[in-house]
Each structure stands twice: as C-alpha cells, then as structure tokens.
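**Q** when you get a sec, could you give me coordinates for this:
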Amino acid sequence: MEINNYLYELGLSDKEIKVYLAILELGENPIMPIKKKVGLPRTTAFHALEQLKSFGLIEILETPKRRVYVPYPPRKIVSVFNHKANKLREQAESIQKDMSELNQLFGSATFMPKVRFFVGDEIREIYEEILDSPIDELIFVGETNKIEGILGHNFFRDWVKRKVQKGIWTRSIRVKNEENLFFDPNDSLRKARFAPESFKAPAQIYIYHNSVAIISSANENFATVITSREYAGTMKHWFSELWKVSKPANN
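**A** Residues are numbered from 1 along each chain as shown. Now for the predicted structure:
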C-alpha cells in the first residue's frame, strides 16, 4: 500500500503504521479491540497509540470508565506533513542566520589540500558546491557556450537564477567568439570582460573560496577541482593580471 510509504516518511514505525491503519478502519474504540485487530501485545499497542497521538493523527479521550482512542480524518496526514515542512523551513532559516559562524568553524580546521575528479553528470556537483561556498564573488574564465553543452540549458539557467538569489556576483573573463556573445538576462550580478584575441581557453576555470575548478568541454566531459589556499591565491592573482589587459564587455 502506497500510504505506508507516506507514513514511513512521516516517521512512523511498522507497528505504529499497523495500529494507525487499524484504528482508521475500526473508528473510535478502547485499546482491546485495537490490539486484537493488529495482533500486538497490549503494552506495544499502547505505546504505538501514544506515538500516534504525539504525531497528531489521533485523539485520546478520557471517560469515567475507560480511555478511548479516536482517529482524526485521513486528511490530517497532509496537515501533519505541512507542519513538519514548516518546521524544517524554520530550522533551515535559523541555520542560515548562523552560517557565517559555522563557516568560521569550518575554516579553522586543519586545512589539507586535495584534488578531486568528476565525470559526466557528476560535474553538476561542482556547481552546487559553488552555491554552498562562503563566497560573495565567483571568478570565471572561459567560453560560456561550452558550459551549457556540459550541464544542459535548463540546469545552467536554473543555476544562474539560484546564484543571483544567493547574492553571488560573477566576475568573468570571457573568450570571445561568434557563439558566446549572449549574456544571460537572469544574471544581474555580473561584471565581464573579453580576453585578448590571442588568449585561448579550451577549458572553463572557476575560482571560488579556496578551490579552483577546471572543467573541460563536452568532448572530454570531465572536471577537476583543486582545493588549496596557495593554488587558489595564485590563480586569483593570475586572474587579476588578465583582467587588466582584457576589454570591457558590453553587457
């Protein structure tokens, strides 16, 4: 039954799901008919019912003679999911407020340079990592038309929108050719220049935080990320020198 999967996602155990489905079928009842229906010991059924109450799926009524368990209508499941989603959203917003402090803790750890390789669809992971990095500026060198060939048009355009939403500027040096004169209108946070005509960049280069990503064209379809403070610093200096001799782009 597909409803079982939803209840698992909500956090219910096998026994709690069994008891919940039974009480939906039986309706308002004391514990004895419920435990007989599910074939569980009384104590186990009692604990399951208490859990269902904590999830907000049933109500417990205390009468002078006995305790009665009353199921809420099944639509209550949707309300519980919405409540859970709202709580997670609030927690995510709270964590976001403390992100600068967490990033400082992350940066204070012993730093070990590393090299990672990505192939095919794995390359998208680099772009997600960029958005998760503690940066307000992304540095780029290359031909933008090649990026869409690797990532796909829809993914790249969506990524640009999310980059802007996070307030990350892009400072780019683009290798000018007939195919890449287009600037994404969604990218309102950008500064761009065109490299000297003699400059060639078959691969794309991104510099962010302490990492440098080198991404090939769709022909080779691989990428490498070097995480090193010294290497990233060197590449940022190289970019600054190239920026000086590049021409402003009309964007």
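**Q** and the helix or strand containing Val225, what does it pack against?
**A** Using DSSP states H and E, Val225 sits in strand 222-227. The criterion is 3 or more CB pairs under 8 Å, 6 or more residues apart in numbering; DSSP states H and E, and the helices and strands that strand 222-227 contacts are strand 114-119, helix 124-132, strand 211-215. Where C-beta positions appear, they are placed from N, C-alpha and C, glycine not excepted.
**Q** thought Ala45 was touching Pro33?
**A** No. Under the criterion of CB atoms under 8 Å, Ala45 lies out of contact with Pro33, with a separation of 10.3 Å.
**Q** who's more crowded, the two?
**A** Ala45 (24 against 14; other CB atoms under 10 Å).
**Q** give the closest residue to that one in space, chain neighbours not counted.
**A** Spatial nearest neighbour of Ala45, chain neighbours left out: Lys35 (4.1 Å); criterion: CB to CB, 6 or more residues apart in numbering.
**Q** show me what contacts that neighbour?
**A** Lys35 sits next to Pro41, Arg42, Ala45 when contact means CB atoms under 8 Å, 6 or more residues apart in numbering.
**Q** and what about the residue nearest to the first one when sequence neighbours are not counted, helix, strand or coil?
**A** In this structure, Pro41 finds its nearest non-sequential neighbour in Lys35, 7.3 Å apart by CB to CB, 6+ apart. Here Lys35 takes the helix state, with states given by DSSP: H, G, I helix; E, B strand; the rest coil.
**Q** what about Lys35, distance to Tyr69?
**A** According to CB to CB, to the nearest Å, Lys35 and Tyr69 sit 11 Å apart.
**Q** then Ile168?
**A** Plainly put, Ile168 is 52 Å away from Tyr69 if you go by CB to CB.
**Q** these two: which is more packed in?
**A** Shown here are Ile168 and Tyr69; by other CB under 10 Å, Tyr69 has more neighbours (24 against 17).
**Q** next, that one: phi, psi?
**A** phi -110, psi 130 (degrees, to the nearest 10).
**Q** what of Pro196?
**A** The phi/psi pair for Pro196 (degrees, to the nearest 10) is phi -60, psi 150.
**Q** unless I'm mixing things up, it is touching Val245, no?
**A** Yes. Counting by CB under 8 Å, Val245 is a contact partner of Pro196 at 5.9 Å.
**Q** the stretch 151-251 of the chain: helices as residue ranges?
**A** Under the criterion DSSP state H, counting those that start in this stretch, helices of the stretch 151-251 of the chain are mapped to 153-165, 229-244.
**Q** just checking, what packs against the first one?
**A** Meaning helix 153-165. Applying 3+ CB pairs under 8 Å, 6+ apart, one finds that helix 153-165 contacts helix 124-132, helix 144-151.
**Q** could you do the last one as well?
**A** On a contact count with 3+ CB pairs under 8 Å, 6+ apart, helix 229-244 meets strand 137-142, strand 169-174, strand 204-208, strand 211-215.
**Q** out of those strands, nearest to Asp121?
**A** Taking CB to CB, strand 211-215 is the member of those nearest to Asp121, at 12.9 Å.
**Q** where in the stretch 101-250 of the chain is pLDDT low?
**A** For the stretch 101-250 of the chain, applying pLDDT under 70 flags the ranges 101-111, 177-186, 250.
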